[in-house]
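Peer 1: Let's see this in three dimensions:
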Amino acid sequence: MDLYLKRIWKYKFHYLLAFLPLLLIFLLKIIPFIVGIRMAFTDVKPLYGIFGSEWTGLANFKALFGMPEFVNVLGNTLAIKLSYMGVVGTVALVLALALSGIQSARLRNAFVLLFLIPYFIPSSVVADVAAYLLSPTQSIFSIDSLLLTDPAYFRAIVYLLEALKTCGIPVLLALAAIQAYQSGSHAPGVRQTSTFYPALRALVAFLLIQLSTILSTDFDLLYLLNNPLVYSVGDTVDTFGFRIGFMNANYGVTSAVWLFQFAVQLVFTLAAYFLVRKWFLRDLFTRGSAQASGGKRVNLDKAADTRSNSGFGTSAGRNALGIVVASLYSAIVLFFLYFLFVHPFLIGEGGGPALSDVFPGQNFMLFLILYGTVTVIGLLIILMLAYPLTVSRLPGRGLYKLVLLFVLAIGTGSTLHEYMAYRGMGAVNTTYPLLISGLVAIVGVFVLKSVFNANYASLKLQAEQEGRGEMHAFFTLFVPKVWKPLLGLGVLNFVGLWNFYIPSFVYTSNPELYSPIASVAMLSRSMDLQQSPEIVLQMGAIVSLPSVILLLALSKFLTSEVFLGASRRL
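Peer 2: Model prediction:
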């Protein structure tokens, strides 16, 4: 016992460092979580409050599982999720193998960068472009019917759009794994020429991470595309719970939906974490590479030396085939980007209002500053929470990880119980909930500690053996070694805040307080997209620019490890 207490005292800085972030997590996540559990077993009457309403036990769950449509909703969710995983996994594998055959590092990196751009475009804007392109009033595809209202086509459209939006991430992960195997950094001293095996392992790890959110889909995309005509095939757990909760005021059953979803995804989150940690960690975090390049990655910097093949062994035939395959997929991405960033500004103005009349210019700059500030605070929280995980012998480390995984499973969505908690604090109809909804990005904690442990664990141990204090190691070793992946995580955290429009709809009824992307989403729902498409698409293009500019400007910090943090939010 004395030895255990001495170890606790030795690492006291780690406990003190994590205390404030954990307190913040308790206030922002655990208290609303407790409220949500209470609501799931209560006949919620807002007049009496959450804890003043009548306790009904399992009545809400019996009502939920007694709904015939809920079984259909579960089937839809699994069908869309698994179909998306199948499509994105197959396409990513083909593209990764093709790109690995390209000899020019600059050309290969340019393709990867292009494939990543759709991820940085808000899902609501992707939905608007899809609705425009698939409209029967447009002559692009000569469509005779509105496919988005046809149950026969709706699911396929959704998971193809999701795959287009996110395919660049698994491609990057697979390419990084191929490079690690061929350079010998995966297993020091051992070089392998295979491309299929490492790519497949990286993609399996990616799909396992996707399974951790098996009952979640791209809510922003589905919320705008869904309509009563396709509920039979397109209504998912997320859209169903949102509709019966925020629109039908069925608070108890909505909370039962959420608790069921959380319980299932907690099990899958824990399973995915331990499986990836046991079997695939070296495929995702390779020892020794970060010292050379700031992180294991396929270099996305356009200034990369074109004469370097970055560890890829290629032939003339594979080079040509790789360019052809990558060019075909690039044509699809460029087609989509053209109809967002170019076409709307060429078709002229319709009969609706001018762009200057509806564009939220003041809120655009305000939310850039606010979300930027929140992102910086969030990065400090990630630093403080990740550092204790760099000590393998830290007393209570296992429990600490389980707590973080639990909070990770809670997620950052705008749930009904979070709304009720904020309403109780008088924060509704303010920007406060919009800012703190994505403040704590737990997945970044695991990414940062894994990057450090894979590359610098020996330096940390050496500093400890030399008698240097833990505070000294934090400021002189940990922070200097992880600032690059931390900056990459900051980019993705900002993009997540900027592109997510649902919090504005949930927490405020005042359009003047809407975030820029929420203003675009509101406009697309209130205007006839077919009569005045140019205004909606022009606004969508402008609001998408900050995220895309961040990708282009800071691409060298967006490593394969960093994108693991985005994989679970897809």
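
Peer 1: hang on, residue 89 packs against residue 200?
Peer 2: No. Using Cβ atoms under 8 Å, residue 89 is not in contact with residue 200, being 9.3 Å away. No exception for glycine: its C-beta is placed from N, CA and C like everyone else's.

Peer 1: what helices or strands is the strand or helix carrying residue 541 leaning on?
Peer 2: In this structure, residue 541 sits in helix 533-553 according to DSSP states H and E. Packing contacts for helix 533-553, counted by 3 or more Cβ pairs under 8 Å, 6 or more residues apart in numbering; DSSP states H and E, involve helix 105-116, helix 123-133, helix 316-341, helix 355-358, helix 479-499, helix 516-526.

Peer 1: who does the first one touch, helix- and strand-wise?
Peer 2: Applying 3+ Cβ pairs under 8 Å, 6+ apart, we find helix 105-116 packed against helix 68-100, helix 168-183, helix 316-341, helix 533-553.

Peer 1: Now render those helices as a markdown table, adding distance to residue 503, mean pLDDT and mean neighbour count.
Peer 2: Listed next are the helices and strands packed on helix 105-116 as a markdown table, based on distance: least, Cβ to Cβ, whole Å; pLDDT from 0 to 100; neighbours: other Cβ atoms under 10 Å:
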| stretch | distance to residue 503 | mean pLDDT | mean neighbour count |
| --- | --- | --- | --- |
| helix 68-100 | 22 | 96 | 19 |
| helix 168-183 | 23 | 91 | 27 |
| helix 316-341 | 23 | 96 | 16 |
| helix 533-553 | 15 | 93 | 20 |
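
Peer 1: Among those, which comes closest to residue 430?
Peer 2: helix 533-553 (21.7 Å; Cβ to Cβ).

Peer 1: Contacts for the helix or strand that that closest one is followed by, please.
Peer 2: Along the chain past helix 533-553, the next helix or strand (assigned with DSSP H and E) turns out to be helix 560-567. When contacts are defined by Cβ atoms under 8 Å, 6 or more residues apart in numbering, helix 560-567 is touched by residues 119, 169-170, 172-173, 175-177, 206, 209-210, 284-285, 295-298, 441, 443-444, 447, 450-451, 485, 488-489, 491-492, 496.

Peer 1: Quick one: end-to-end distance for stretch 224-242.
Peer 2: 13 Å (Cα to Cα, to the nearest Å).

Peer 1: hmm, who's touching that stretch?
Peer 2: Outside stretch 224-242, the residues touching it (Cβ under 8 Å, 6+ apart) are 69-70, 72-74, 76-77, 79-80, 123-124, 127-128, 130-131, 148-151, 154-155, 157-158, 215-217, 219, 222-223, 254, 257-258, 261, 413, 416, 521, 524-525.

Peer 1: what about the helices in the stretch 351-500 of the chain?
Peer 2: Here the stretch 351-500 of the chain has its helices, by DSSP state H, counting those that start in this stretch, at 355-358, 361-386, 397-410, 416-424, 432-436, 442-465, 470-473, 479-499.

Peer 1: want to try a markdown table for those helices, with distance to residue 41, mean neighbour count and mean pLDDT as columns?
Peer 2: Converted to a markdown table, the helices of the stretch 351-500 of the chain look like this (distance: least, Cβ to Cβ, whole Å; neighbours: other Cβ atoms under 10 Å; pLDDT from 0 to 100):
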| stretch | distance to residue 41 | mean neighbour count | mean pLDDT |
| --- | --- | --- | --- |
| helix 355-358 | 44 | 12 | 75 |
| helix 361-386 | 31 | 18 | 93 |
| helix 397-410 | 18 | 17 | 94 |
| helix 416-424 | 12 | 21 | 86 |
| helix 432-436 | 25 | 20 | 85 |
| helix 442-465 | 26 | 20 | 89 |
| helix 470-473 | 43 | 17 | 90 |
| helix 479-499 | 32 | 22 | 95 |
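
Peer 1: Distance to residue 543 added to those helices, as JSON lines?
Peer 2: Converted to JSON lines, the helices of the stretch 351-500 of the chain look like this (distance: least, Cβ to Cβ, whole Å):
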{"stretch": "helix 355-358", "distance to residue 543": "12"}
{"stretch": "helix 361-386", "distance to residue 543": "8"}
{"stretch": "helix 397-410", "distance to residue 543": "28"}
{"stretch": "helix 416-424", "distance to residue 543": "24"}
{"stretch": "helix 432-436", "distance to residue 543": "15"}
{"stretch": "helix 442-465", "distance to residue 543": "24"}
{"stretch": "helix 470-473", "distance to residue 543": "42"}
{"stretch": "helix 479-499", "distance to residue 543": "8"}
